[in-house]
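Undergrad: The following block contains a protein sequence and its predicted model.
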Number of protein chains: 2
Amino acid sequence: MMPRDLLERLTGLLGPAAVLAEGPDLEPYAVDWRKLFPGKPACVVRPSSAEQVAGIVRICREAGAAIVPQGGNTGLAGGAVPDASGTQVVLSLNRMAAIRNVDPVGLTLEAEAGCILKVAQDAAAAAGRLLPISLAAEGSATIGGVVAANAGGVNVLRYGMTRSLVLGLEVVLPDGTIANGLRRLRKDNAGYDWKQLFIGSEGTLGIVTAAILRLLPRPKHSVTALLSVVDPAAALRLLELAQDELGDQISAFELISATSMQLVAKHAGLKTPIAEGEWFVLIEAASSLAGLREAAEAMLGMAFEREIALDGVIAESGAQAAQLWALREHVTESEAREGKSVKHDVSVPLTEVPRFLHEAGEALAAGAPGTRVNAFGHLGDGNIHYNVLVDHGHDPNVVNRIVHDMVAAFGGSISAEHGIGQYRVGELARYRASTEMELARRLKRALDPESLLNPGKVLLP
Amino acid sequence: MMPRDLLERLTGLLGPAAVLAEGPDLEPYAVDWRKLFPGKPACVVRPSSAEQVAGIVRICREAGAAIVPQGGNTGLAGGAVPDASGTQVVLSLNRMAAIRNVDPVGLTLEAEAGCILKVAQDAAAAAGRLLPISLAAEGSATIGGVVAANAGGVNVLRYGMTRSLVLGLEVVLPDGTIANGLRRLRKDNAGYDWKQLFIGSEGTLGIVTAAILRLLPRPKHSVTALLSVVDPAAALRLLELAQDELGDQISAFELISATSMQLVAKHAGLKTPIAEGEWFVLIEAASSLAGLREAAEAMLGMAFEREIALDGVIAESGAQAAQLWALREHVTESEAREGKSVKHDVSVPLTEVPRFLHEAGEALAAGAPGTRVNAFGHLGDGNIHYNVLVDHGHDPNVVNRIVHDMVAAFGGSISAEHGIGQYRVGELARYRASTEMELARRLKRALDPESLLNPGKVLLP
């Protein structure tokens, strides 16, 4: 139960409209969108400024109430929802949604934490520039959430994770002070770059209230190609060729298994326009320079000549490119329609992907017979969404253990882009070296000794 | 004086050849290369493995002896040399110089901390790939130093600071444990990205012993152009045009003042091949795509047509490109030959550079009459080396105060790429907000409560 005086103090600070305490009002904030982690907030507070966020933190701290920061609530690891105790205060940033500044020459965009990613993308586009963070949830995800999660997405190969696009941050610390690092600078080596600590820490060390992001020139030309290959090793050879011929103009290099394509055909009614292979690769490249298409066509020619690719097509129009992307984008939904699956968001050293896929497949066939692997993802980053279709006879924990043990054996990561949240918090403790875990706990203790912020996420107490 | 038992224990761990304790042996390690910060080491230890580094840390910790990590000793802020007390142990990484792995498909390079940057660049080139960290000291600077300093250089505009190229780190912590984050992964959102804390912290939080760096495809084509413009505002308009026409293929956009060019003509005998302007811009772009040169020529045409540029030339050959670069590269040396100067490595929001240059010039004319400004640098990053030529009548501190006050007024940084070291440690405390300084101290205390590592650098005790 919510202590009455805490509610009164929060209402006194924010006004009654910004404090939600009734059951139905709380529902949208209580559970993640995949409905895996149903929680129960003590209340939801909706501040409109960093100063109000700081005030909330101070009040909650005095009351000993934990705070769960929440943005668009689109996370995949349950990192932004409260536990079921009914004692945690959800701090929603969604009223702090302003875009403060777009600078098309200095290539910066400043936005408040609650600004929807898509809105920020559009603001950059309106200024003729590109905010390259792009992911499925971009219509709901917020800048603060994207920063707190160090979001990935389809453009990481070229532009890096969100971290590489953050120039400045404003963060409310667990002691209720505001650390203002909103510097619009592309280079700043004056002292510790403390903002790095908050990027990707999922709201466990501080609450991001505003960010300055780096923009990029907007490429004028783009090319999208779909190719089929005989196996993941051939896909890697194709990546090497693409890197040689198109350089860093490649913005996406996605691997899609035949299983994924079959699911998409079955449930979304979408068919590949090329001859079947065991694996497919979707390549996108973009450039300010004309000559991109010629280079891509030449690359395709080489891929056939060297027998790297079995078949392939380059989109002739934006509409065709969208059709090719639709194949990739419908994989997750088609998988859900097929049935139950155990999902993994893993990365291994890029050149190990073929061997990983082979050995993980063998291990599942031996340890969880009857499961089917639906593997797809960002091969260019070594990041595979290695999902395993199961039926009622399969124990998800067994499947999970087999896959993550294999990831660990390959020196990989059990969360390439989705984060840890509460979903993988036990897994992280299991697989990460104790030295690293102790270092993480030391940082948590230094910034949040009372474990006020998002307790139980990323790190176990 | 060096306590005898400490020396004995270090010698016992490392063997006598790896411990230098005699005056002449210590000299190369005692002072920075600009000879601004003469120090006196208790001894110099030269470990050959991370385990030895950890052993040294544990021994020094028990003896209460401070450790100063040192790489190529090419830093510009005195961050890698000991104080004059004769009690600090210099830990040189220069025997740990191996390149462990180059992966041209996965685009990674793993090297030990003491590996010379140029050696790593060459190893990447031999594999057909690019390690884009490039700076004047690359023939002596080490990977560990470059990481610890978050080095900048001439390619930051396109490829980012060193931070954006670090995929994995191994760090020896002040408690003598080894944190091994040498993961060859391009994406890893599993837990806090603790390595970020050590990048750019100048050896005050941990000792970098090895790193995995990200490589890039090696562009096949490049183009170098020198243009003259009437003022820095025109240079900015040129940057906007270049971003529109060449996109992210621009790898350098350097501003050079007429004063700088005159110094280069006077002392290095190098003349610009184009008509004089008040300011010059050196642009380099590189791409895997043909068509780069045509795009650059078209851009130059537009720059003349729109009266952004006064004159300009595109290099016809690699030799001509090198001649254009030589103009830029001889600025620092020519300045030194001209006489005494007060140097500043500052950044301001990119679009504020023209106003900053104007107002700083005015402030110096008023507050330090007779000084001459030699401004040049990485305009594409908003980073200006704002050096002020002085004579005996000028107080360097007054000049420094005027420039840094102006930087602060523009929301800039007093160290864009050179770091803080001991050189700017007082300045940082003066200009950075107390909230940020307290946060930095909290991190230092959490990791190095006894201030064992590089005390007096970055943060005052």
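TA: That came through, no problem.
Undergrad: okay, A:Met1: pLDDT?
TA: A:Met1 carries a pLDDT value of 50.
Undergrad: domains for chain A, by residue range?
TA: A:4-92, A:99-217, A:221-328, A:339-418 (automatic domain parsing).
Undergrad: Please settle this for me: is A:Tyr29 part of a strand?
TA: No. Counting by DSSP: H, G, I helix; E, B strand; the rest coil, A:Tyr29 is not part of a strand but helix.
Undergrad: pretty sure it is in contact with A:Ser92, am I right?
TA: Yes. Counting by CB atoms under 8 Å, A:Ser92 is a contact partner of A:Tyr29 at 6.2 Å. C-beta: built from backbone N, CA, C; applies to glycine.
Undergrad: Compare those two (neighbour count), which wins?
TA: Neighbours were counted for A:Tyr29 and for A:Ser92 using other CB atoms under 10 Å in any protein chain shown; A:Ser92 has more, 25 against 22.
Undergrad: Correct me if wrong: that one contacts A:Gln70.
TA: Yes. Counting by CB under 8 Å, A:Ser92 does reach A:Gln70; the two are 4.9 Å apart.
Undergrad: what do those two both touch?
TA: Common contacts of A:Ser92 and A:Gln70 (CB atoms under 8 Å, 6 or more residues apart in numbering or on different chains): A:Tyr29.
Undergrad: quick one, strands of the stretch 101-250 of chain A?
TA: In the stretch 101-250 of chain A, the segments counted as strands under DSSP state E, counting those that start in this stretch are A:108-112, A:129-130, A:166-172, A:178-181, A:207-214, A:216-217, A:221-229, A:250-257.
Undergrad: Which of those strands sits closest to chain B?
TA: Closest to chain B of these is strand A:216-217 (CB to the nearest CB; 4.1 Å).
Undergrad: helices or strands up against the closest one?
TA: Under the contact criterion of 3 or more CB pairs under 8 Å, 6 or more residues apart in numbering or on different chains; DSSP states H and E, strand A:216-217 touches strand A:129-130, helix B:232-246.
Undergrad: TSV please, covering the ones you listed and showing mean pLDDT.
TA: Shown next, in TSV, are those (pLDDT from 0 to 100):
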stretch	mean pLDDT
strand A:129-130	96
helix B:232-246	96
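Undergrad: A:Asp395 is nearest to which of those?
TA: Closest approach to A:Asp395 among those (CB to CB): strand A:129-130, 44.7 Å.
Undergrad: List the strands paired with that closest one, with their directions.
TA: Its sheet considered, strand A:129-130 pairs with strand A:216-217 (antiparallel) by DSSP bridges.
Undergrad: Excluding residues flanking it in the chain, which one is nearest A:Ala113?
TA: A:Gly144 (2.7 Å; CB to CB, 6 or more residues apart in numbering or on different chains).
Undergrad: any idea where the helices of the stretch 251-400 of chain A begin and end?
TA: Taking DSSP state H, counting those that start in this stretch as the test, the helices found in the stretch 251-400 of chain A are A:258-268, A:292-305, A:318-329, A:331-338, A:353-367, A:396-409.
Undergrad: That should have said the stretch 1-150 of chain A, apologies.
TA: Counting by DSSP H, counting those that start in this stretch, the helices of the stretch 1-150 of chain A are A:4-14, A:23-30, A:50-63, A:117-126, A:143-149.
Undergrad: tell me the most buried of those helices?
TA: Stretch with highest mean neighbour count among those: helix A:143-149 (a mean of 31; mean count of other CB atoms under 10 Å in any protein chain shown).
Undergrad: Compile the helices of the stretch 1-150 of chain A into CSV and extend it with columns for mean pLDDT.
TA: Listed next are the helices of the stretch 1-150 of chain A as CSV, based on pLDDT from 0 to 100:
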stretch, mean pLDDT
helix A:4-14, 95
helix A:23-30, 94
helix A:50-63, 98
helix A:117-126, 98
helix A:143-149, 98
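Undergrad: I'd like the ones you listed written out as TSV, with distance to A:Met96 added.
TA: As requested, those are exported to TSV (distance: least, CB to CB, whole Å):
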stretch	distance to A:Met96
helix A:4-14	12
helix A:23-30	15
helix A:50-63	8
helix A:117-126	13
helix A:143-149	8
